[in-house]
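Peer 1: When you get a sec, could you give me coordinates for this:
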Amino acid sequence: MAVISYDSPEIMKFFADRHKIDYPMLGDPDSKIIRAYGVLNPEATGMQKGFARPGYFFIDAKGIIREKYFDPKYRERITGNSLIVKLFPELGEEVTDTVEAPFLKLALEQSDRIGVPGTHITLVAEVQLPPDVHVYAPGAQGYKPINLELDPVAQLELKPALYPQSHVLYFAELKERVPVFDGTFRITQDVKVNTGAEFWGSLGKDGKIFTITGKLDYQACNKTTCFKPTSVPVKWSLQVVPLDRVRAPEDIRHK
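Peer 2: Model (predicted):
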């Protein structure tokens, strides 16, 4: 991972030293690279003038841009870890809890344990089913589909849960085709932290810890039997810390 910033190399070194950042950071004080990539934020004014819209390019080993992720509002952005979860699920998640439930094992993961106002954190529920057991996917008619439902949390915006591609199971006796999941699959849900100034001011020096709770509803079946619908509680913890508002020394600031 590398970062391109409007700040000068001196300002970036000041920031990197304070936060112990060891990945490459490229200073672009004239916004030449930002303009070349077409990501200049024309709405930014004052201290933010010349800044890029926050986002990420995924560039492969041949220098080809394969994916890009950008937020329309410069105060909102996904984290680097959240992006890795989306592109390379096996690399980006951090298991925070495991749950043994009837007919399944559940691993609860999250892209980040710490966030700041405006960041998007990705929560993951990885479901592992035994052989020959399936659960119904969203859209199944006449059956109880699996459903991740999180409880509202003040100052956090819950985005819709995302489910993987299901496959169709054919029941010959009923002449029925039903979408299902089997094996191991992942349900993800992004959480956006509030960007309001009043919320920023309420965080204090060390921030606040938010507990995100909810439940996973499902009905497990095998080739001959559909078992009783079940609900499993889920929980994640997220520490939200204030944005870094410390300015660089006056002698290296933008003139």
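Peer 1: From here on, just use CA atoms for contacts and neighbour counts.
Peer 2: OK.
Peer 1: Packing partners of the helix or strand containing residue 170?
Peer 2: For residue 170, the host element (DSSP states H and E) is strand 167-171. Applying 3 or more CA pairs under 8 Å, 6 or more residues apart in numbering; DSSP states H and E, we find strand 167-171 packed against strand 176-182.
Peer 1: Would you mind listing the buried residues in the strand it packs on?
Peer 2: Across strand 176-182, burial judged by 16 or more other CA atoms under 10 Å covers 178, 179, 180, 181, 182.
Peer 1: Same check on stretch 126-143?
Peer 2: Buried residues in stretch 126-143, counting neighbours by 16+ other CA under 10 Å, are found at 126, 127, 128, 129, 133, 134, 135, 136, 137, 138, 143.
Peer 1: Next, the residue most central in space within the chain: phi, psi?
Peer 2: With distances taken as CA atoms, centre = their mean, residue 122 lies nearest the centre of the chain, 2.4 Å away. With angles defined as degrees, to the nearest 10, residue 122 shows backbone torsions of phi -100, psi 120.
Peer 1: can you give me the offset of the helix or strand harbouring residue 15 from its chain's centre?
Peer 2: Here residue 15 sits within helix 9-19, counting by DSSP H and E. Computed by CA atoms, centre = their mean, to the nearest Å, the chain-centroid distance of helix 9-19 equals 26 Å.
Peer 1: what are the C-alpha coordinates of the host helix or strand of residue 125, in CSV please?
Peer 2: Per DSSP H and E, residue 125 falls inside strand 119-128. The C-alpha coordinates for strand 119-128 follow below in CSV (Å, rounded to 0.1, in the frame of the first residue of the first chain):
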residue,chain,number,x,y,z
THR,A,119,-14.7,5.8,8.3
HIS,A,120,-16.4,2.7,7.0
ILE,A,121,-15.7,-0.4,8.9
THR,A,122,-16.6,-3.9,7.6
LEU,A,123,-18.1,-6.5,9.8
VAL,A,124,-18.1,-10.1,8.7
ALA,A,125,-20.1,-13.2,9.8
GLU,A,126,-18.4,-16.3,8.3
VAL,A,127,-20.7,-19.3,8.4
GLN,A,128,-19.4,-22.8,8.2
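Peer 1: average model confidence for it?
Peer 2: Taken as a whole, strand 119-128 has a mean pLDDT of 94.
Peer 1: Lovely, talk soon.
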